[in-house]
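Trainee: quick one: sequence plus predicted model below, questions after.
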Amino acid sequence: MNLLHRSLLPLLAGVTLLATAAPLKTDVAHSSVSAAFKQMDVPVESKFTRFAAQVDYDAAHPDKTSARVDIDTASLDLGSAEYNKEIAKPTWFDSAKFPKATFVSTSVKPAAGGKLTVAGKLTIKGKTADVAFPVTVKPEGGKQVFEGQLPIKRLAFDIGTGEWKDTSLVADEVVIKFRITAGQ
Amino acid sequence: MQRYTRTAIVLHWLIALLIVAAFTLGLVMTEIHGITPAKLRYYNWHKWAGVTVLLLAALRLLWRLGHRPPPLTANTPAWQRKASGGVHHLLYVLMFAVPLTGYFMTLAAGRPVVYFGLFQLPVLIGPDKELAETLEEVHEWLNWFMAGVVALHVLAALKHAFIDRDDTMRRMLPGRNQP
């Protein structure tokens, strides 16, 4: 019993500690969340300048990974002040009513090639959808870089109402691209 | 009276029409507040018209290099010949400078041109907000300058047609060459 106390218990404790994924600190300066879409067939890249990401990840137990991303919808930079003002209006994100878009993971499974298949709930403008997408994980400078993209349909979230439902003006498909750098 | 070649006449009037259309669209679209579907369409039409002017201007310059324009009326005073030469040179420079500043302005703003919605034209520079703002001013200034030079050009042509009643303007109108 003494032996168990002195050497086995701390060992067991160590094992359980390893088994729960550890929350990482997001390095915002090396992280980005952007939206790519087409405007009258013209490709447009836009970045969210304000977002928060929380990733719990342990390379030894990738299936225990969990992640949450909160994005300030009014922070999308479309390249001009006029566009940036427009995007927060009720027609688009309605940022006064829905200031945040969120993603919360529900399951993470390791996939081939060191990738993760992440499933979760994406909420934009008060509408929630189940989504799943592949994520690559790469160690970089002592941190982990989680990278991937998720194509969504803007009209499923009521992004662009009235005349803007016209997909010849703004395409329905929007690809959300992210790169989250996080470490201990 | 000797006219310009048919190719030169077609290019002249086609480019004139496109310049007036692009200029008018430019005035209208920049007056629209916020972002509207019409504004988005006008901006794209404006860019397509501008790129077309640039392409036609290149053709026209090549044609001009191989074909001398018909001579001015014999009794045209020397100062008018000089003024005419200056205005025509300026118009050639502006046919390139105006669309090019617009093209680089939209590239700097991160919006490449997709010609008639069919194919993307070369992205020669990356997004650069400061450059986009500078080019916006240069583009606008050049347009007002061009409007002034075009006004001079049109007034001079009309003066020849209706005051001097000579053949200067008719050289650029479609029709048969008269002996």
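Mentor: Done, it's in.

Trainee: which residues of the chain fall in strands?
Mentor: As the question left the chain open, I've gone with chain A. Here chain A has its strands, by DSSP state E, at A:22-26, A:32-39, A:42-48, A:51-57, A:66-72, A:76-77, A:100-110, A:115-124, A:127-140, A:143-153, A:173-183.

Trainee: hm, I was asking about chain B
Mentor: B:114-115, B:119-120.

Trainee: so what's A:K143 closest to, chain neighbours aside?
Mentor: Among residues not flanking A:K143 along the chain, A:G183 sits closest, at 3.2 Å (C-beta to C-beta, 6 or more residues apart in numbering or on different chains). Any C-beta I mention is one placed from the backbone N, CA and C, and that applies to glycine too.

Trainee: quick check: bridge partners of that neighbour?
Mentor: A:K25 (DSSP bridges).

Trainee: for burial, what's the neighbour tally of it?
Mentor: Residues lying near A:G183 (other C-beta atoms under 10 Å in any protein chain shown) number 17.

Trainee: just the pLDDT for A:A60.
Mentor: For A:A60, the model assigns a pLDDT of 86.

Trainee: okay, now B:N75: neighbour count?
Mentor: Neighbour number of B:N75 under other C-beta under 10 Å is 8.

Trainee: contacts only, for the spatially most central residue of chain A.
Mentor: The residue lying closest to the centre of chain A (C-alpha atoms, centre = their mean) is A:V69, at 4.8 Å. Counting by C-beta atoms under 8 Å, 6 or more residues apart in numbering or on different chains, A:V69 makes contact with A:V33, A:F51, A:A52, A:A53, A:Q54, A:T102, A:F103, A:F178, A:I180.

Trainee: and the closest residue to B:G26 other than its chain neighbours, how far from B:V93?
Mentor: Excluding its sequence neighbours, the residue lying closest to B:G26 (C-beta to C-beta, 6+ apart) is B:H46, at 5.6 Å. Distance, B:H46 to B:V93, by C-beta to C-beta, to the nearest Å: 21 Å.

Trainee: got it, and B:Y4?
Mentor: Applying C-beta to C-beta, the value for B:Y4 to B:V93 is 20 Å.

Trainee: which of these two has more residues huddled nearby?
Mentor: With neighbours defined as other C-beta under 10 Å, B:Y4 and B:V93 compare such that B:Y4 has more, 19 against 14.

Trainee: contacting residues for residue 96?
Mentor: No chain specified, so I'll use chain A. With contacts defined as C-beta under 8 Å, 6+ apart, A:A96 is in contact with A:A88, A:P90.

Trainee: if you could check chain B rather than the one you did, that'd help
Mentor: B:F96 makes contact with B:L54, B:A57, B:A58 under the criterion C-beta under 8 Å, 6+ apart.

Trainee: pLDDT below threshold where in chain A?
Mentor: For chain A, the stretches flagged by pLDDT under 70 are A:1-21.

Trainee: not counting its neighbours along the chain, what's nearest the most centrally placed residue in chain B?
Mentor: Compute the mean C-alpha point of chain B, and by C-alpha atoms, centre = their mean the closest residue is B:M95, 4.1 Å away. Once flanking residues are discounted, B:M95 sits nearest to B:A57: 3.8 Å by C-beta to C-beta, 6+ apart.

Trainee: what about that neighbour, neighbour count?
Mentor: 23.

Trainee: try B:G85
Mentor: The tally of other residues near B:G85 (other C-beta under 10 Å) stands at 11.

Trainee: residues in contact with it?
Mentor: By C-beta under 8 Å, 6+ apart, B:G85 has no neighbours at all.

Trainee: please tell me how far it sits from chain A.
Mentor: Separation of B:G85 from chain A (C-beta to the nearest C-beta, to the nearest Å) stands at 40 Å.

Trainee: do B:L62 as well
Mentor: With distances taken as C-beta to the nearest C-beta, B:L62 is found 30 Å from chain A.
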